[in-house]
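> Would you be able to build a 3D model of this:
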Amino acid sequence: MTIPRPASASELRRFLLDRQGLWGPFWPEADATARAVDLAMWQIDSIRITGLRNQEIAWAARSASAPSHFYDLLYGQSALVETHYPIFATRRDWLGHISESLADPATFRKPITKRLKRVMAEVEEYIRANGPTGPGSFKSRRIVGGFNTIKETTRALEVMFAQRKLVVAGRDRNFQRLFDLTERRLPELVAPSAPRAADWRQGYETFITRSALHVLKLATAEQIAQRAHHHYGPWRPGGGIKYWRQAVTQALDQGAARPVQALDLPEQPVYWYLPEDEAGWSAAASADAPTRLLAPLDHLLYSRPRAKELFDLDYKFEAYTPAHKRRFYFALPVLQGERVVGMVDGKLDGKTWWLRRLDLAEDADADQLGLAIRRFAGLAGAERVGVRARISQRLKDAVRGKAG
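All right, here's what the predicted structure looks like:
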């Protein structure tokens with residue numbers, strides 16, 4: 001086994017932040033496409049209480065260009081492609097191999113009846129003639145599905161999406177999915193083949209392991225296994241977390257990644273990173289970073305145990321937690337340098353972005369926080385920032401003012 005590279009917790013944090021696009025200056029527009037694709041999987045969520053959705057916040061934390069650039073990558077260039085729940089924008093060149101490109105058995109628990117096949121044919125004909133289409137374009141009878149009932153045509157769209165006959169080609173003004181024919185948008189996925197047993201022996205497990213680490217950038221073996229389990233799909237046969245722990249161990253033993261040991265953390269844990277990310281150690285050593293507001297489902301938070309160990313951040317996405325049990329609704333972690341120094345909870349109301357709650361470390365830079373909040377508010381469409389949180393006058397003066 002390779003002797004782990006020695007490192008401090010600070011070096012691990014900086015490496016991770018650099019690899020995930022959260023260190024150094026914001027991405028210039030010329031670099032944004034390649035950097036976004038390198039992050040591989042962006043979690044998509046529809047909640048827009050702050051004026052920006054999760055994926056838009058994640059983009060704003062990294063890029064100097066507007067969040068609309070992200071949607072151009074996703075629905076215009078198709079450099080990223082929307083996949084199944086949990087909904088991710090995934091790099092296109094992975095889709096022929098990663099599990100989300102395969103038919104999802106969860107969608108087929110109810111039989112595909114002759115009637116549904118007929119509806120599917122009618123939906124396909126409509127899309128072929130009219131282009132990208134969402135559920136709102138159809139009127140049909142309601143059937144059992146979703147949280148209660150859904151339209152039969154919606155069920156047809158879901159089944160065809162799971163079969164990869166359709167792909168998500170955009171979103172309407174209400175953020176509802178618009179579907180188009182796979183043959184028209186992503187012809188290479190018209191007939192993706194499931195991995196054969198030989199493929200598994202010759203590299204499929206290593207691909208899943210590497211894809212998991214590619215998303216995480218820096219992780220322990222257990223964190224890689226948890227993510228690999230997610231990439232394959234917990235609902236699919238032939239997997240399971242025990243299986244992926246064994247597969248990850250074997251891939252790491254065969255040199256799929258390089259080890260680094262945190263000498264100043266309890267128990268000196270061993271983390272792993274991909275060989276192609278080696279440059280991150282030198283890149284992270286000299287750069288500085290502006291204050292950033294992170295998305296609730298940011299790449300940095302894909303592993304809660306890692307966030308706790310490296311950043312002392314015990315974060316929970318509380319938007320779906322009952323109001324009386326949560327501290328925040330849509331909390332945005334505040335990243336200053338290599339430290340998470342607090343939480344921001346805000347809401348866009350008309351042209352004003354209201355700071356509703358702020359928990360901040362005493363030594364945090366208030367002026368830099370104000371700049372970050374006003375920048376965020378401007379991207380969200382606000383003209384000014386107001387304060388409703390119970391905070392010191394010093395913080396109020398730093399935060400409120402003209403957005404942008």
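> C-alpha from now on. contacts and neighbour counts both.
OK.
> Residue 399 and residue 375 touch, don't they?
No - counting by CA atoms under 8 Å, residue 399 sits too far from residue 375 to count as a contact (10.6 Å).
> Give the buried residues for stretch 309-328.
Judged by neighbour count (16 or more other CA atoms under 10 Å), stretch 309-328 contains these buried residues: 310-311, 313, 315-318, 328.
> Check the residues you listed against residue 246 and report the nearest one.
Comparing the buried residues of stretch 309-328 against residue 246 with CA to CA places residue 310 closest, at 25.0 Å.
> Quick check: the gap between that closest one and residue 266.
11 Å (CA to CA, to the nearest Å).
> Same question for residue 218.
Plainly put, residue 218 is 17 Å away from residue 266 if you go by CA to CA.
> okay, those two: which has more neighbours?
Just comparing residue 218 and residue 266: by other CA atoms under 10 Å the higher neighbour count belongs to residue 218, 29 against 8.
> any idea how far residue 63 is from the more buried one?
Where residue 63 is concerned, residue 218 sits at a distance of 21 Å (CA to CA).
> And for residue 37?
For residue 37, the distance to residue 63 - CA to CA - is 13 Å.
> What of residue 127?
In this view, residue 127 and residue 63 are 34 Å apart by CA to CA.
> Look at the two and report which has more neighbours.
Of the pair residue 127 and residue 63, residue 63 is the one with more neighbours under other CA under 10 Å, namely 24 against 17.
> my read: that one touches residue 27, true?
Yes - under the criterion of CA under 8 Å, residue 63 makes contact with residue 27 at 4.4 Å.
> How about residue 314, nearest residue that isn't a chain neighbour?
Using CA to CA, 6 or more residues apart in numbering and skipping the chain neighbours, the partner closest in space to residue 314 is residue 308 (5.3 Å).
> Pop out the phi and psi values for that neighbour.
Backbone torsions of residue 308, given as degrees, to the nearest 10, read phi -70, psi -40.
> Just to check, it is in contact with residue 302?
No - applying CA under 8 Å as the test, residue 308 and residue 302 come out as separate, 11.5 Å apart.
> Those two: who's more crowded?
Ranked by neighbour count (other CA under 10 Å), residue 308 and residue 302 place residue 302 first, with 16 against 13.
> What residue, apart from its backbone neighbours, is nearest that one spatially?
residue 216 (7.3 Å).
> Counting neighbours, what do you get for that neighbour?
27.
> can you check residue 114 too?
Other residues near residue 114 number 9, with proximity taken as other CA under 10 Å.
> Could you report the separation of it from residue 156?
Using CA to CA, we find residue 114 at a distance of 12 Å from residue 156.
> what does stretch 385-395 contact?
If you take CA atoms under 8 Å, 6 or more residues apart in numbering as the criterion, stretch 385-395 is touched by 352-358, 366, 373-374, 377, 396, 399-403.
> 6 Å - rerun?
Around stretch 385-395, the neighbours that count as contacts under CA atoms under 6 Å, 6 or more residues apart in numbering are 352-357, 400-401, 403.
> ok, so of these, who is nearest residue 56?
Ranked by distance to residue 56 (CA to CA), these are led by residue 353 at 16.0 Å.
> Let's verify the closest one: helix, strand, or coil?
At residue 353, secondary structure determined by DSSP: H, G, I helix; E, B strand; the rest coil is strand.
> Residue 18 now?
Classification of residue 18 by three-state DSSP places it in helix.
> Ok, the one 5 residues further on next?
Classification of residue 23 into helix, strand or coil gives coil, according to three-state DSSP.
> which ones are touching it?
Residues in contact with residue 23 (CA under 6 Å, 6+ apart) are 17, 289.
> And for residue 272?
Residue 272 makes contacts with 218-220, 257-259, as judged by CA under 6 Å, 6+ apart.
> Reformat those residues as TSV; add pLDDT and distance to residue 298.
Formatted as TSV, these follow (pLDDT from 0 to 100; distance: CA to CA, whole Å):
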residue	pLDDT	distance to residue 298
218	98	15
219	98	15
220	98	19
257	97	23
258	97	24
259	98	24
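> Just the ones in strands from those, please.
Here DSSP state E is the test, and those give 258-259 as lying in strands.
> any idea which of the contacts of residue 272 has the most stuff around it?
residue 218 (29 neighbours).
> just to revisit the earlier point, quick check, nearest of the contacts of residue 272 to residue 295?
For these, the closest approach to residue 295 (CA to CA) belongs to residue 218, at 18.9 Å.
> List the residues that contact residue 89.
Counting by CA under 6 Å, 6+ apart, residue 89 touches 41-42, 80-82.
> ok, 10 Å please
With CA atoms under 10 Å, 6 or more residues apart in numbering as the criterion, the residues that contact residue 89 are 37, 40-44, 55, 70-71, 73-75, 78-83.
> So in the protein, where's the weakest helix or strand by average pLDDT?
The weakest-scoring helix or strand in the chain, judged by mean pLDDT, DSSP states H and E, is helix 197-199 (a mean of 60).
> hmm, back to that, between residue 399 and residue 375, tell me which one has more neighbours.
Ranked by neighbour count (other CA under 10 Å), residue 399 and residue 375 place residue 399 first, with 23 against 19.
> Just the strands from the stretch 1-150 of the chain, written as ranges.
Using DSSP state E, counting those that start in this stretch, the strands of the stretch 1-150 of the chain run over residues 5-7, 41-43, 80-82, 88-91, 142-145, 148-151.
> how about the first one: buried residues?
Taking 16+ other CA under 10 Å as the neighbour-count basis, strand 5-7 is seen to contain the buried residues residue 7.
> give me the number of residues near residue 365?
Burial measure for residue 365: 15 neighbouring residues, criterion other CA under 10 Å.
> let me redo that: residue 267
Other residues lying near residue 267 total 9 when counted by other CA under 10 Å.
> How is residue 179 classified with respect to secondary structure?
Criterion first, three-state DSSP; result for residue 179: strand.
> Could you list everything it pairs with in the sheet?
The bridge-partner assignment for residue 179, based on DSSP bridges, gives residue 133, residue 168.
> Pull up the gap between it and residue 73, please.
According to CA to CA, residue 179 and residue 73 sit 16 Å apart.
> how does the protein divide into domains?
Domain assignment of the chain by automatic domain parsing yields the ranges 5-98+193-282, 103-189, 316-402.
> Of the ones you listed, which shows the lowest average pLDDT?
Of all these, mean pLDDT reaches its minimum on domain 103-189 (a mean of 85).
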